[in-house]
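> Generate coordinates for the sequence data below:
(one chain, ligands or ions: 2)
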Amino acid sequence: MSDFNYRDGSLHAEEVALEKIAEQFGTPTYVYSRAHFENQYLAYADALGDHPGLICYAVKANSNLGILSLLAQLGAGFDIVSAGELERVLLAGGDPSRIVFSGVGKTAAEMRRALEVGVHCFNVESEAEMARLELVAAECETTAPVSLRVNPDVDANTHPYISTGLKENKFGIAIDTALDVYRHAAQSPHLQVVGVDCHIGSQLTEIAPFLDALDRLLILIDQLTAEGIQLEHLDLGGGLGVRYRGEEPPPVSDYIGAIKERLGDRQLGLVLEPGRSIAANGGLLLTRVEYLKRAEEHNFAIVDAAMNDNLRPALYQAWQDIVPVTPNNAANEIWDIVGPVCETGDFIGKNRSLALQQGQLLAMLSAGAYGFSMSSNYNSRPRAAEVLVDGDKTYLVRARETQADLVRGESPVPEKRGSK
Ligand SMILES: Cc1ncc(COP(=O)(O)O)c(C=O)c1O
Ligand SMILES: N[C@@H](CCCC[NH3+])C(=O)O
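Ligands and ions are numbered 1, 2, ... in the order given. Next comes the predicted model:
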């Protein structure tokens, strides 16, 4: 976590004290380090080197315009899953020709818009989707670049909710039927076969499952070549894990090095869709202790961030470190760190050894990925502010939501006639 460090007994994001951020913007607030995002992206770009291909940041991990714009400035590509994400990338200055469009449920309107702006390709996830894309492309009198997302049926060895490359998962086209689907695409005047894609899961901490998937894709690619269907790129998706609690994922350079070695001298571009490994440790969630409550079974620290701000603990029983912004010398006790939402599942950390006082600031670490982007307004809670730190500068990249934001588009109904 070199971009978030203690200086003079106080936690800083780059050169800015988190106490200052809390004072200026309030809590809960997501705080990001620009340097972290840049360095993680550049680790991917450098490891790819002069091998043709694209590093397409997975927008769903953290879709704030500030983050997308800094990546666009570095020449990043983007992996999107909706028209909403597409418009965000365009607003942030991203290059549409570096966008891959993933997702199992693309609508015709989303396809039209993506064709209009000229995305790099559609990662097609079913035969039905391909049929729709063919129709839409024909209506638009154009040709859609397609890459089939195949399901290689490999075990990613991760949490079952974030494993995506097994036969039982909803994603992709079974690898043993892909050949037929490619044959169809290759003879369509409105589809242009450009690649093959897979994404086997998230928070993977070993290289082996990626290589298993790659080997299966290479067999398919050889079959396609034998039939005269030549692919331009292979997309291995995202999925490289990060350290939340003692995990030791391989460095990006080892991961990409191993993939490039397996590709050998094949003339195939390499596309990757990293999300978490770029974003997770580039952000934290700053929160304040509202109340301390000592009960018979547990000590509870009730903070002003909740499951609506960060869903990962409730959804996956995920562990993210929680640290004091200004540590003190008092004796540690064991605490459950919970939010104000009316759900037993509303916690951001359990059994944490901390010395706590009412009113103090805490930071939930590793919150840059799937943090704000999965947040909601549950319990009519305004979503948090987001602040990006760049050296000694802070940018409010998303203002805290207001009461007016919470009811935008809603209206009361008139009284029922005769009800009085
Ligand atoms: C298609 C696709 N690509 C990329 C990603 C990004 O994955 P990660 O954040 O694990 O790198 C995901 C999410 O798991 C995804 O579904
Ligand atoms: N949202 C998940 C990862 C799912 C990735 C999306 N395919 C997480 O927080 O770990």
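> Could I get the full set of helices for the protein?
18-25, 34-48, 65-73, 83-91, 108-117, 127-139, 178-186, 208-226, 252-263, 276-279, 312-316, 403-406 (DSSP state H).
> Could you single out the most deeply buried of those helices?
helix 276-279 (a mean of 29; mean count of other C-beta atoms under 10 Å). Placement of C-beta: from N, CA and C, glycine included.
> And the contacts of that helix?
Under the criterion C-beta atoms under 8 Å, 6 or more residues apart in numbering, residues 37, 40-41, 44, 57-58, 61-62, 67, 71, 202-203, 238, 240-242, 249, 252, 368-370 lie in contact with helix 276-279.
> looking at the helices of the chain, which is closest to ligand 1?
Within the helices of the chain, the stretch nearest ligand 1 is helix 276-279; the backing value is 3.5 Å (C-beta to the nearest ligand atom).
> now that closest one, how far from the centre of its chain.
Offset of helix 276-279 from its chain centre (C-alpha atoms, centre = their mean, to the nearest Å): 7 Å.
> Next one: Glu206 from ligand 1, what distance?
14 Å (C-beta to the nearest ligand atom, to the nearest Å).
> Against Ser202, how distant is the nearest residue to that residue once chain neighbours are set aside?
Excluding its sequence neighbours, the residue lying closest to Glu206 (C-beta to C-beta, 6 or more residues apart in numbering) is Asn157, at 6.6 Å. For Asn157, the distance to Ser202 equals 12 Å [C-beta to C-beta, to the nearest Å].
> Between these two, which is the more surrounded one?
Ser202 (24 against 14; other C-beta atoms under 10 Å).
> Tell me, domain by domain, which residues of the chain belong where.
Following automatic domain parsing, one gets these domains for the chain: 4-32+280-406, 103-272.
> now do the same end-to-end measure for the shortest one.
Domain 4-32+280-406 has its terminal residues 32 Å apart, counting by C-alpha to C-alpha, to the nearest Å.
> next one: stretch 367-376
Using C-alpha to C-alpha, one end of stretch 367-376 lies 15 Å from the other.
> hmm, who's touching that stretch?
If you take C-beta under 8 Å, 6+ apart as the criterion, stretch 367-376 is touched by 30, 32, 36-37, 60-64, 242, 275-276, 278-285, 308-312, 315, 320, 383-384, 386, 398.
> What is the burial count for the closest residue to Ala35 other than its chain neighbours?
Leaving out its chain neighbours, the residue that sits closest to Ala35 by C-beta to C-beta, 6+ apart is Asp3, at 5.4 Å. Applying other C-beta under 10 Å, we find 21 residues neighbouring Asp3.
> Show the contacting residues for Asp3.
Ala13, Glu14, Ser33, Ala35, His36, Asn281, Gly282.
> Over to Val89?
Val59, Leu68, Ala72, Phe78, Ile80, Pro96, Ile99.
> so the third one sits right up against Asp95, yeah?
Which is Ala72. Yes - contact status for Ala72 versus Asp95: in contact at 7.2 Å, counting by C-beta atoms under 8 Å.
> Looking at the contacts of Val89, which one is closest to Lys260?
Phe78 (22.0 Å; C-beta to C-beta).
> Check the gap between Ile278 and Val59 for me.
Counting by C-beta to C-beta, the gap from Ile278 to Val59 is 11 Å.
> Any residue of stretch 78-89 touching ligand 1?
Yes - residues of stretch 78-89 contacting ligand 1 under C-beta under 6 Å from any ligand atom: Asp79.
> Now do the residue most central in space within the chain, the pLDDT please.
Against the mean C-alpha coordinate of the chain, by C-alpha atoms, centre = their mean, the closest residue is Ala61 at 1.6 Å. Predicted confidence (pLDDT) for Ala61: 98.
> which stretches of this structure have low pLDDT?
Along the chain, the model assigns pLDDT under 70 to residues 1-2, 158-170, 419-420.
> Show me what from it comes close to ligand 2.
Lys60, Ile162, Ser202, Gln203, Arg312, Tyr370, Met374.
> so how far is Val242 from the nearest residue to the fifth one once chain neighbours are set aside?
Which is Arg312. Using C-beta to C-beta, 6+ apart and skipping the chain neighbours, the partner closest in space to Arg312 is Ala318 (3.9 Å). With the distance defined as C-beta to C-beta, Ala318 ends up 12 Å from Val242.
> Identify the residue of the stretch 201-350 of the chain closest to ligand 2, quick one.
Closest point on the stretch 201-350 of the chain to ligand 2, by C-beta to the nearest ligand atom, is Ser202, at 4.3 Å.
> Enumerate residues external to stretch 402-415 that contact any of its residues.
Counting by C-beta under 8 Å, 6+ apart, Asn377, Ser380, Pro382 sit against stretch 402-415.
> and if we set it to 10 Å?
Asn377, Ser380, Arg381, Pro382, Arg383, Ala399, Glu401 (C-beta atoms under 10 Å, 6 or more residues apart in numbering).
> Dump those into JSON lines; add neighbour count and distance to Ala22 as well.
Below are the contacts of stretch 402-415 laid out as JSON lines (neighbours: other C-beta atoms under 10 Å; distance: C-beta to C-beta, whole Å):
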{"residue": "Asn377", "neighbour count": "13", "distance to Ala22": "22"}
{"residue": "Ser380", "neighbour count": "9", "distance to Ala22": "23"}
{"residue": "Arg381", "neighbour count": "21", "distance to Ala22": "18"}
{"residue": "Pro382", "neighbour count": "16", "distance to Ala22": "16"}
{"residue": "Arg383", "neighbour count": "19", "distance to Ala22": "17"}
{"residue": "Ala399", "neighbour count": "12", "distance to Ala22": "15"}
{"residue": "Glu401", "neighbour count": "16", "distance to Ala22": "18"}
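> nearest to ligand 1, of those residues?
Distance to ligand 1, by C-beta to the nearest ligand atom, is smallest for Arg383 among the contacts of stretch 402-415, at 20.7 Å.
> Kindly provide the distance from the closest one to Ser373.
11 Å.
> Please enumerate the shared neighbours of these two.
The contact lists of Arg383 and Ser373 share Tyr30, where a contact means C-beta under 10 Å, 6+ apart.
> how many neighbours does whatever residue of the chain ends up closest to ligand 2 have?
Residue nearest to ligand 2 within the chain: Tyr370 (3.1 Å; C-beta to the nearest ligand atom). Residues lying near Tyr370 (other C-beta under 10 Å) number 26.
> Please tell me how far the closest residue to Leu311 other than its chain neighbours sits from Asp309.
Nearest-residue entry for Leu311: Met374, 4.8 Å, with adjacent residues in sequence omitted and distances by C-beta to C-beta, 6+ apart. Going from Met374 to Asp309 by C-beta to C-beta gives 9 Å.
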